[in-house]
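Visitor: Return a 3D structure for these sequence lines:
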Amino acid sequence: MSKSEYLHRYLLIIRRLEKGEASLEEINDFLRKKSELEKTSFEISIRTFQRDRKEIYALYAIYIEYDFKRKVYYITNDDQTDLSIRSLEAFELFNALKMSDSISQFVQVEKATPSGAGHFHTLLKAIKERKIVAMTYQKFGYDEAVDVYIEPYALKEFEGRWYMIGKLAAQGKMRIYGLDRINDLYVMSYKFDKPANGWNVKDYFKDYFGIFHTEETKPERVVLSFSPEQVRYVETLKLHHSQNPLVDNDMEYRVELFIHITFDFIQKVLSYADEVKVIEPASLKKEIIKRHTNTLKQYT
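Guide: Numbers count the residues shown, from 1 in each chain. A predicted model of the protein is given here:
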């Protein structure tokens, strides 16, 4: 059985137990039906299931408990992280798309999918086990790849690409690497200590939009005025968790947020074109005007 099939089986077990507690026989009955649908074999022995329970916990922090009296299994924790949920859903979608050659009649996906997805679960396991990874990394715009040793801390998704956040094992500096630019990856036996001061990825990017991170600036108050046509989009898919509405009428939808003004954020503001106007700060307003002016010069 391939690694992909193992991961798919883990997903099916989790999906069954999300519906409610079940005996091993009931889990296997669910797996049997899925096997018929997907023309493969997902059924497992008690020994294999015990291994799967350990692996599911290691990968997704989802613990499957056993009630000895009633002889049923159930999921004890509901505090699954966003990463666990997103990775499970992404893998479920991936397998659904693989099921039929004729699925293109009903579903269209982006063809330009970044490579590197194969490193995802390897890195996730290394992060959980706090093991140093050795990898060959090829930066965009560079002719030669470099070998680096990293203490991997977390994975983050942004605009269809996955990134690994970690610390250079030798220099102790934080770095961010795109998974699609990793050529070779090897998990070493050496373990590293837990990140200092309770480091976590949510706090690390708390005041940022996107993947760029810098210690050279501080979060600023940003005020943006959107056209009425953009109200529902900006309301339902906020630019940042700090977003707060200031004005909401037939003329405009004005919001404020507190954020680092990075390249990623500037690109996002530019993507709204004439549907947004920067009110504050003056420095961001000036930068957006400059970018739009340079764009117009290319057509005149």
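
Visitor: low-scoring stretches of the protein, by residue?
Guide: By pLDDT under 70, the weakly predicted segments of the chain are 1-4, 77-117.

Visitor: Now the phi/psi pair for the nearest residue to residue 145 once chain neighbours are set aside, please.
Guide: For residue 145, ignoring the flanking residues on the chain, the nearest one in space by C-beta to C-beta, 6 or more residues apart in numbering is residue 138 at 4.2 Å. Backbone N, C-alpha and C define where each C-beta goes, glycine included. For residue 138, the backbone dihedrals (degrees, to the nearest 10) come out as phi -110, psi 100.

Visitor: From what I see, residue 138 and residue 177 are in contact.
Guide: No: under the criterion of C-beta atoms under 8 Å, residue 138 is not in contact with residue 177, lying 10.3 Å apart.

Visitor: These two: which has the busier surroundings?
Guide: Per other C-beta atoms under 10 Å, whichever of residue 138 and residue 177 has more neighbours is residue 177, with 21 against 15.

Visitor: In three-state terms, how would that one be classified?
Guide: strand (DSSP: H, G, I helix; E, B strand; the rest coil).

Visitor: Quick check: which element contains the closest residue to it other than its chain neighbours?
Guide: Sequence neighbours aside, residue 164 is the residue nearest to residue 177 in space, at 4.9 Å (criterion: C-beta to C-beta, 6+ apart). If you go by DSSP states H and E, residue 164 is part of strand 161-168.

Visitor: Dump that strand to PDB, restricted to CA.
Guide: Output of strand 161-168 as PDB, limited to C-alpha atoms (Å, rounded to 0.1, in the frame of the first residue of the first chain):
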ATOM      1  CA  ARG A 161       1.300  27.500  -1.400                       C
ATOM      2  CA  TRP A 162       2.600  25.800   1.700                       C
ATOM      3  CA  TYR A 163       5.500  27.200   3.800                       C
ATOM      4  CA  MET A 164       7.600  25.800   6.600                       C
ATOM      5  CA  ILE A 165       8.600  28.100   9.400                       C
ATOM      6  CA  GLY A 166      11.700  27.100  11.400                       C
ATOM      7  CA  LYS A 167      15.000  28.000  12.900                       C
ATOM      8  CA  LEU A 168      18.400  27.500  11.300                       C
END
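
Visitor: Check which residues of it are buried.
Guide: 162, 163, 164, 165, 166, 167 (16 or more other C-beta atoms under 10 Å).

Visitor: what about residue 148, neighbour count?
Guide: 18.

Visitor: so how far is whatever helix or strand it lives in from its chain's centroid?
Guide: Here residue 148 sits within strand 146-158, counting by DSSP H and E. Distance, stretch centre to chain centre, for strand 146-158: 13 Å (C-alpha atoms, centre = their mean, to the nearest Å).

Visitor: That one - contacts with which helices or strands?
Guide: helix 82-98, helix 120-129, strand 131-137, strand 161-168, strand 174-178, helix 201-204 (3 or more C-beta pairs under 8 Å, 6 or more residues apart in numbering; DSSP states H and E).
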